[in-house]
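*Asks:* Just the structure for this:
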Amino acid sequence: ATGGLAFDNPAAVNEDSLFRAYSMTKPITGMAAMMLIEDGKLKLDQNIADFLPGFANPRVLTDPASNLDSRPSKAPITVRNLLTHTAGLGYTIVTKGPLLDAYVKLGLTPASASRKPLPGQPQIPTAPSLAEFADRLATLPLIADPGTVWSYSVSLDLLGRIIELAGGKPFDAFLQDRIFTPLGMTSSYFQVPASEVHRLTGNYGLMGGFPIPIDPGKSSIYLDRPAFAFGGSGLVCSPADYDRFLKMIANAGMVGTKRVMGAAAVALGTSNLLPDGVDTKGTFIEGAGNGAGGRSGMGRDAGTYGWGGAAGTVAFVNTRLGLRAGVYTQYMPSESLPIHAEFPVTVLADLAAMRGA
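*Replies:* From the prediction side, this is the model:
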């Protein structure tokens, strides 16, 4: 570890400092769903309308650029579709046109960045609860028939609602009981307690290469209670905590002598779950598959599973090699530096050199 918690806070960062994980929340949500599949309370190819009747008759946009006209969907939305971003759902960071306007109007924005308005970013109040989020989302058309197109989406947030219905408790409570507590993840929060503010890093926006504070640790929006636990982007955690999650996956569901989830569920969740025929060319996962909420490696990268976050974090595990790796920085947008692309490549190249030596 190197550097301070912020440019104006010289307190040293370490493995117990707190970082905004953003979309690195998705693999945790995905593995929570795999636990319920293992329990027999969910099925991978189950119609989500079994839990959310509003999705019983999904419709698909006919002219996304100009209106919200739609036609009946050719297939239902399944749990597999939610896990792999093939449900046809939108995302305010991706979607365009009238559908984006509808997402904004309905508060379908399960993410937080700052207490203050950010340039070019409208202040959008999020739907008041996970149940309301799911109900509102069900009223809007899809961008494509489920199972046909990979498109980054709010699907892992919606999956949080299904997890709480299938699991019989609030989504965040399910994560606490089945993942955080068994793994000893005592520094993972959807709302950072006041007692832990001293560990929270600052987050910066890179404007013309210069870092501008957008979410200082001492006044972070993550000190506020969110509308609900965002299964796609809401987690703040320490590198040590996230590594405990990766270690469990690397050890096929075990932590020491304790089994947290079954080996078969881990193997399935880290494998390629994409429906047949989905083309990923030009997407975030081009050349790879999609497991339970994260990218899954194929070919020479088989066994690799993980994802990155919007504030410059990346973490992955290779179950074949027993390797786990993570890098934690705090800047946005993540693509303004090449960390997401270069970190996994660099780690695997370093490993190859070590093995060769």
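*Asks:* rest of the way, CA atoms for contacts and neighbours
*Replies:* OK.
*Asks:* show me the contacts for residue 164.
*Replies:* By C-alpha atoms under 8 Å, 6 or more residues apart in numbering, residue 164 lies in contact with 170-171, 174.
*Asks:* how about 7 Å then?
*Replies:* If you count contacts by C-alpha atoms under 7 Å, 6 or more residues apart in numbering, residue 164 has them with 170-171.
*Asks:* quick one: it is in a helix?
*Replies:* Yes - the assignment for residue 164 by DSSP: H, G, I helix; E, B strand; the rest coil puts it in a helix.
*Asks:* ok, so what distance separates it from residue 170?
*Replies:* Residue 164 sits at a distance of 5 Å from residue 170 (criterion: C-alpha to C-alpha, to the nearest Å).
*Asks:* Could you do residue 349 as well?
*Replies:* 42 Å.
*Asks:* more crowded one of these two?
*Replies:* Applying other C-alpha atoms under 10 Å to residue 349 and residue 170 shows that residue 170 carries more neighbours, namely 18 against 12.
*Asks:* Tally up the residues packed near the residue nearest to residue 238 when sequence neighbours are not counted, please.
*Replies:* Nearest residue to residue 238 in three dimensions, chain neighbours excluded: residue 18, at 4.6 Å (C-alpha to C-alpha, 6 or more residues apart in numbering). The tally of other residues near residue 18 (other C-alpha under 10 Å) stands at 28.
*Asks:* Would you list the phi and psi of residue 18?
*Replies:* Per-residue torsions, residue 18: phi -100, psi 130 (degrees, to the nearest 10).
*Asks:* Number of residues surrounding residue 256?
*Replies:* Around residue 256 there are 10 residues (other C-alpha under 10 Å).
*Asks:* Could you pull up phi and psi at it?
*Replies:* phi 60, psi -120.
*Asks:* Okay, it and residue 5: tell me how far apart.
*Replies:* 32 Å.
*Asks:* Could you do residue 303 as well?
*Replies:* 33 Å.
*Asks:* the more surrounded of the two?
*Replies:* The neighbour comparison of residue 303 against residue 5 (other C-alpha under 10 Å) goes to residue 5, with 25 against 21.
*Asks:* if we look at the helix or strand harbouring the more buried one, which residues are touching it?
*Replies:* Using DSSP states H and E, residue 5 sits in strand 4-6. Under the criterion C-alpha under 7 Å, 6+ apart, residues 10-13, 200-202 lie in contact with strand 4-6.
*Asks:* Stretch 278-297 now?
*Replies:* Contacts of stretch 278-297 (C-alpha under 7 Å, 6+ apart): 26-27, 29-31, 83-84, 148-150, 156, 269-274, 298, 303-307.
*Asks:* just checking, residue 81 touches residue 149?
*Replies:* No - using C-alpha atoms under 7 Å, residue 81 is not in contact with residue 149, being 9.8 Å away.
*Asks:* ok, longest helix in this protein?
*Replies:* Longest helix of the chain, by residue count under DSSP state H: helix 339-356.
*Asks:* From the chain's centroid, how far away is it?
*Replies:* Relative to its parent chain, helix 339-356 has a centroid offset of 23 Å by C-alpha atoms, centre = their mean, to the nearest Å.
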